[in-house]
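> The following block contains a protein sequence and its predicted model.
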Amino acid sequence: MEMVKIRKIPRRKKMKVGHTLFVAGMLALVCFTALPMVAMICRAFMPLDELYLYPPRIIVRKPTLSNFADLLTSLSASEVPFSRYIFNSLFTTGVTVFLSIFVCCAGAYGLAKFKPRGSTTIFAIITAALMFSSYVTQIPNYLIVTELGLVNSYWALILPKVAVAYNFFLVKQFAEQLPNSILEAARIDGSGEFGTFWKIAMPLLKPAWSTLAVFSFVSNWNDYFSALVYINKDAMKTLPLALQTLAGGAGVVARSGSVGAATLLTTLPTIIVFCIMRGRVMQTMTYSGIKS
Amino acid sequence: MNREKEKKKQKFMTMERRRVMEAYMFISPWIIGTAVFFVYAIFSSIKLSFSEIVQLKGFVMEWVGLANYEHILVYDINFMPIFTEVVIDTIINTPLTLVFSLIIAMLINRPNAGRGFFRTCFFLPVLLGSGYVMQQLLQIDATGSVGVGIALPSLLQGILGETFSGVIQAFLDRITLILWKSGVQIILFLAGLQGISSSLYEAAKCDGATQWESFWKITLPMISPIILLNFVYTMVMYFTSSDNALVAYILDQVFTSKDFARGAAMGWVYFLFAFVMCGIVFAAARGLSKDKEA
């Protein structure tokens, strides 16, 4: 008994010291990763003279709301109501995310579970597509969109971003692990192929696609490049593009304060979506439920 | 007997065909989307890179052969230096990112370590993505260093001397960038780590394996699919991120100088390289998994 006690106490102490050290180290790393976020928030409240200090400062000393006031002035000067931009962004991002998840999940499921002839070719195309930046195909895509008569429409912002190779690749990695036995069981119980996919495979793939939903929401929401290319009507602009143009863009010194405010405003929705979905993404990412 | 066999065969064939049909029913939306916005676009981009635009209205093109490529590789004084710089950066950053994110994922994965909080914090920079904020942060210092990263204390700088501390500072800057960009990788690794059943570790422990051994014999093999996924993801992320100097140069070439053909050719030189790199990774992964099976 004595022996056990003597051995136990120092070990626990050692554990405690190790644990505190570990937490301290992690917190230091966290401070560090939080830096861009802190910098962004501070920039939105920074007065102009602090923005152009050298050496640059991250933390704001004299916070001010004048940046937001400036932004509001330039917003009210424009003809299109602000709510229109919010709607544009929400609508195109929402539809893109939904369609992309449906198309990619259906495709990945079909490819992984049926393995039809030609599936190796399709997978080769996917792996090739993974490596292409959208910038290479931007010019031809612009021509295609023009030819389809989609310029200045919501579809121009949605359709090119539905069949995304990375989404397909990610879902396929998960779909490979779907146990065939469950799918067989559903078929034997008389479920049609689409029913099997919708009612059995989709819920099991939820970890994959709910994560995908967040990723693709963030990237589509932040993407102002395609809106810049396909949209030239003010009323059809998305929020990030509208805010950046209203604030005068990156180069204008006098308005760089309102650029900071605009950036904070455009980033807020992604943060909110992430906070709502956080639990689901993080926890369901453990795809132990799928593993047989 | 023979007829019966034939009948069976026929039935099997139709079943087979039906399954193929069903499979393609699922895949077809994706195929259509890819065919229009990827395959077709790729081919027109190839054609564009071999041509010269005679008339911008209606995109009238004239075949010029390899002239665009020749111009980029031989005459353009900016392209090659930027290209090599980006390539070296990617080759250094990708493995570093993987190692760092795996270490962080394993640290977070330890029991009662405030998992949820840390996970969220490490993912936060991803939300800012390659957006405007990131770009501003990266350009914040005119000297070219990140400026807001881990800085060497000036005392240490004095001791180490200028060249040496410069090297260390460059390394620290790199790590700063890597930490900001590895949110997705950390999460994917975490998912992989939590998918490993704890009974494996217990069994290994009973057999007298140290933690170090069970890392190499259990953790690494079990998450090898995630490593491949992460490797490709990371490499592509570095190749295509908008704060990449070469992508910026190509975009400038296309949208500022309106030199579409040369921009397309540059894109092709660049992405052929990315293609080769990813091909090597896939081949290596396949070779490794075959080794394991054998």
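Arrived safely. Residues are numbered from 1 along each chain as shown, chains lettered A, B, ... in the order given.
> Going by C-alpha atoms from here, please, whenever you check contacts or count neighbours.
Noted.
> three-state assignment of whichever residue of the stretch 151-294 of chain B sits closest to chain A?
Closest residue of the stretch 151-294 of chain B to chain A, Cα to the nearest Cα: B:A191 (4.6 Å). What DSSP: H, G, I helix; E, B strand; the rest coil gives for B:A191 is helix.
> Low-confidence stretches in the chain?
Chain wasn't specified; assuming chain A. A:1-15, A:51-58, A:131, A:133-136, A:244, A:246-256, A:279-292 (pLDDT under 70).
> hm, I was asking about chain B
Using pLDDT under 70, chain B drops low at B:1-13, B:55-59, B:111-115, B:128-161, B:242-243, B:291-294.
> Neighbours of the residue of the stretch 151-294 of chain B closest to chain A, how many?
24 (other Cα atoms under 10 Å in any protein chain shown).
> okay, now the domains of chain B?
What automatic domain parsing lists as the domains of chain B is B:2-49, B:67-293.
> wait, which of the ones you listed is closest to A:I276?
domain B:67-293 (11.9 Å; Cα to Cα).
> Just give me how far that closest one sits from the chain centre.
Offset of domain B:67-293 from its chain centre (Cα atoms, centre = their mean, to the nearest Å): 7 Å.
> Sticking with A:I59, tell me its helix or strand.
Under the criterion DSSP states H and E, no helix or strand holds A:I59.
> what's the answer for A:Q177, then?
Counting by DSSP H and E, A:Q177 is found in no helix or strand.
> tally of neighbours for it?
The local packing of A:Q177 (other Cα under 10 Å) involves 15 other residues.
> ok, it to A:F98 distance?
As judged by Cα to Cα, to the nearest Å, A:Q177 and A:F98 stand 23 Å apart.
> Now do the strands in the stretch 151-294 of chain B.
Taking DSSP state E, counting those that start in this stretch, the stretch 151-294 of chain B contains no strands at all.
> Report the closest residue of the stretch 1-150 of chain B relative to chain A.
B:I27 (3.9 Å).
> So which residues of the stretch 51-200 of chain B form helices?
B:67-70, B:79-108, B:115-128, B:132-138, B:154-160, B:162-181, B:183-195, B:198-206 (DSSP state H, counting those that start in this stretch).
> and those helices, which is most packed in?
Compared across the helices of the stretch 51-200 of chain B, helix B:183-195 shows the largest average neighbour count, a mean of 23 (mean count of other Cα atoms under 10 Å in any protein chain shown).
> give the contact list for the residue in chain A positioned nearest to chain B.
Nearest residue of chain A to chain B: A:G107, at 3.9 Å (Cα to the nearest Cα). Shown in contact with A:G107 (Cα atoms under 8 Å, 6 or more residues apart in numbering or on different chains): A:F168, B:F26, B:I27, B:S28, B:P29, B:W30.
> Please indicate which of those are buried?
Neighbour counting with 16 or more other Cα atoms under 10 Å in any protein chain shown marks A:F168, B:F26, B:I27, B:S28, B:P29, B:W30 as buried within those.
> quick one: secondary structure of the fourth one?
Going back to what we said before, that points to B:S28. Reduced to three states by three-state DSSP, B:S28 is helix.
> Measure how buried B:M266 is and give me the count.
When neighbours are defined as other Cα under 10 Å, B:M266 has 26 of them.
> which other helices and strands contact the helix or strand harbouring A:L265?
Using DSSP H and E, A:L265 sits in helix A:256-284. Helices and strands touching helix A:256-284, by 3 or more Cα pairs under 8 Å, 6 or more residues apart in numbering or on different chains; DSSP states H and E, are helix A:2-44, helix A:48-51, helix A:66-77, helix A:206-222, helix A:239-246, helix B:115-128.
> okay, the angle between it and helix B:183-195?
10 degrees (axes from the mean of the first three to the mean of the last three Cα atoms, to 10 degrees).
> Give me the buried positions along helix A:256-284.
For helix A:256-284, using 16+ other Cα under 10 Å, the buried residues are A:256-267, A:269-271, A:274, A:278, A:281-282, A:284.
> what angle sits between it and helix B:115-128?
Calculated by the same axes, to 10 degrees, helix A:256-284 forms an angle of 140 degrees with helix B:115-128.
> quick revisit: so after the helix or strand encompassing the residue of chain A closest to chain B, what's the next helix or strand?
In this structure, A:G107 sits in helix A:82-114 according to DSSP H and E. Going down the chain from helix A:82-114, the next helix or strand is helix A:119-130, by DSSP H and E.
> What is that following helix packed up against?
With contacts taken as 3+ Cα pairs under 8 Å, 6+ apart, helix A:119-130 sits against helix A:165-175.
> Just list what the helix it packs on packs against, helices and strands only.
Partner elements for helix A:165-175 (3+ Cα pairs under 8 Å, 6+ apart): helix A:82-114, helix A:119-130, helix A:206-222.
> Okay, angle between the last one and helix A:256-284 too, please.
So the one you mean is helix A:206-222. On the basis of the same axes, to 10 degrees, helix A:206-222 is oriented at 170 degrees to helix A:256-284.
> Can you show me the CA trace of helix A:206-222 as PDB?
This file holds the C-alpha atoms of helix A:206-222, laid out as PDB (Å, rounded to 0.1, in the frame of the first residue of the first chain):
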ATOM      1  CA  LYS A 206     -23.400  13.800 -43.100                       C
ATOM      2  CA  PRO A 207     -20.000  14.300 -41.500                       C
ATOM      3  CA  ALA A 208     -18.500  14.800 -45.000                       C
ATOM      4  CA  TRP A 209     -21.100  17.100 -46.400                       C
ATOM      5  CA  SER A 210     -21.800  19.200 -43.400                       C
ATOM      6  CA  THR A 211     -18.100  20.000 -43.300                       C
ATOM      7  CA  LEU A 212     -18.200  20.700 -47.000                       C
ATOM      8  CA  ALA A 213     -21.200  23.000 -46.400                       C
ATOM      9  CA  VAL A 214     -19.100  25.200 -44.100                       C
ATOM     10  CA  PHE A 215     -16.000  25.200 -46.400                       C
ATOM     11  CA  SER A 216     -17.900  26.000 -49.500                       C
ATOM     12  CA  PHE A 217     -20.000  28.700 -47.800                       C
ATOM     13  CA  VAL A 218     -16.900  30.400 -46.600                       C
ATOM     14  CA  SER A 219     -15.100  30.200 -49.900                       C
ATOM     15  CA  ASN A 220     -18.100  31.200 -52.000                       C
ATOM     16  CA  TRP A 221     -19.000  34.000 -49.700                       C
ATOM     17  CA  ASN A 222     -15.500  35.400 -49.800                       C
END
